[in-house]
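1. sharing a sequence plus its predicted fold:
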Amino acid sequence: MDTNHTPLKIVVADTSAILRSGVAAVLRRLPGLNIQPVEIATPESLRHYLQLHTPEAVIASPTLGGWLDLAALKAEGRGGGTRYVALVSTVIDPAALRGYDAQISICDDPDTIASRLDNLLRPAGADDRNDGTETLSQREKEIVTCVVKGMTNKAIADRLCLSIHTIITHRRNIARKLQIHSTAGLTIYAIVNKLVELGDIKDRL
């Protein structure tokens, strides 16, 4: 998704100024996404904003104002183009997340957040309009390289200073984006797209 020149308006709604400002700061620095965060502190302000604007996404705490009435919020908005992302900052009943298009946690690293937002906001069919290389983030390309070199999830996590859970999430996203579900397929992809040299993996062929 080419968002480098088209700013994305994404609302961050939470009663905590620290959480709002922190998430907004992360959004501004996400690679490959040009985001203009809009910070909102109350359900009333959020409803008023959505009656006047149609942001690409709303990242909101499900507990905003006690419990955020997501169905009413969508009904009062200007249209169906806005995607809703739950901002999870504590243990929460999964039932409270129904209706959201995605969720992110305050424990997620920036690459995971970028990947989820990119997947959520990419226009339908965008993956089919290119050769596949642009669908992967730089972090995902690094993980493909590590995988085809024979590294385990733990070894990749240690090298990239990420959690094993994050590596697994990235690998699922890679498989979905490329429609490649085997190491052999990833190896061919990596060679064709010059992510690795034959000499780096000759012992595995």
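-> Received the coordinates, thanks. Numbers count the residues shown, from 1 in each chain.

2. mind exporting whichever strand in the chain runs longest as PDB, just the C-alpha atoms?
-> The longest strand of the chain (DSSP state E) is strand 3-13. Extracted in PDB, the C-alpha atoms of strand 3-13 (Å, rounded to 0.1, in the frame of the first residue of the first chain):
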ATOM      1  CA  THR A   3       0.800   5.700   1.700                       C
ATOM      2  CA  ASN A   4       4.100   7.600   1.700                       C
ATOM      3  CA  HIS A   5       2.500  10.600  -0.100                       C
ATOM      4  CA  THR A   6      -1.200  10.300   1.000                       C
ATOM      5  CA  PRO A   7      -1.500  11.000   4.800                       C
ATOM      6  CA  LEU A   8      -3.800   8.600   6.600                       C
ATOM      7  CA  LYS A   9      -6.000  10.100   9.300                       C
ATOM      8  CA  ILE A  10      -6.100   7.700  12.200                       C
ATOM      9  CA  VAL A  11      -8.000   8.600  15.400                       C
ATOM     10  CA  VAL A  12      -6.500   7.400  18.700                       C
ATOM     11  CA  ALA A  13      -9.200   7.400  21.400                       C
END
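
3. how far away from the center of its chain is that strand?
-> 13 Å (Cα atoms, centre = their mean, to the nearest Å).

4. which secondary structure elements does that strand contact?
-> Counting contacts by 3 or more Cβ pairs under 8 Å, 6 or more residues apart in numbering; DSSP states H and E, strand 3-13 is packed against helix 17-28, strand 33-40, helix 43-52, strand 57-60, helix 110-121. To be clear about C-beta, it is placed using only N, CA and C from the backbone, and glycine gets the same treatment.

5. swap the cut-off to 6 Å and go again
-> When contacts are defined as 3 or more Cβ pairs under 6 Å, 6 or more residues apart in numbering; DSSP states H and E, strand 3-13 packs onto helix 17-28, strand 33-40, strand 57-60.

6. so in that sheet, which strands flank the shortest one, and in what orientation?
-> Here the strand partners of strand 57-60, with direction, are listed using DSSP bridges: strand 3-13 (parallel), strand 83-88 (parallel).

7. relative to helix 110-121, how tilted is the longest helix that the chain contains?
-> Secondary structure of the chain per DSSP state H: the longest helix is helix 164-178. Interaxial angle, helix 164-178 versus helix 110-121 (axes from the mean of the first three to the mean of the last three Cα atoms, to 10 degrees): 30 degrees.

8. just to revisit the earlier point, tell me the most buried of the strands paired with strand 57-60?
-> Mean neighbour count (mean count of other Cβ atoms under 10 Å) peaks for strand 83-88 among those, with a mean of 21.

9. can you show me the CA trace of that one as CSV?
-> What follows is strand 83-88, C-alpha atoms only, in CSV (Å, rounded to 0.1, in the frame of the first residue of the first chain):
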residue,chain,number,x,y,z
ARG,A,83,-12.0,0.7,10.1
TYR,A,84,-12.1,0.1,13.9
VAL,A,85,-9.1,-1.2,15.9
ALA,A,86,-9.3,-2.2,19.5
LEU,A,87,-6.5,-0.7,21.7
VAL,A,88,-6.0,-3.4,24.3
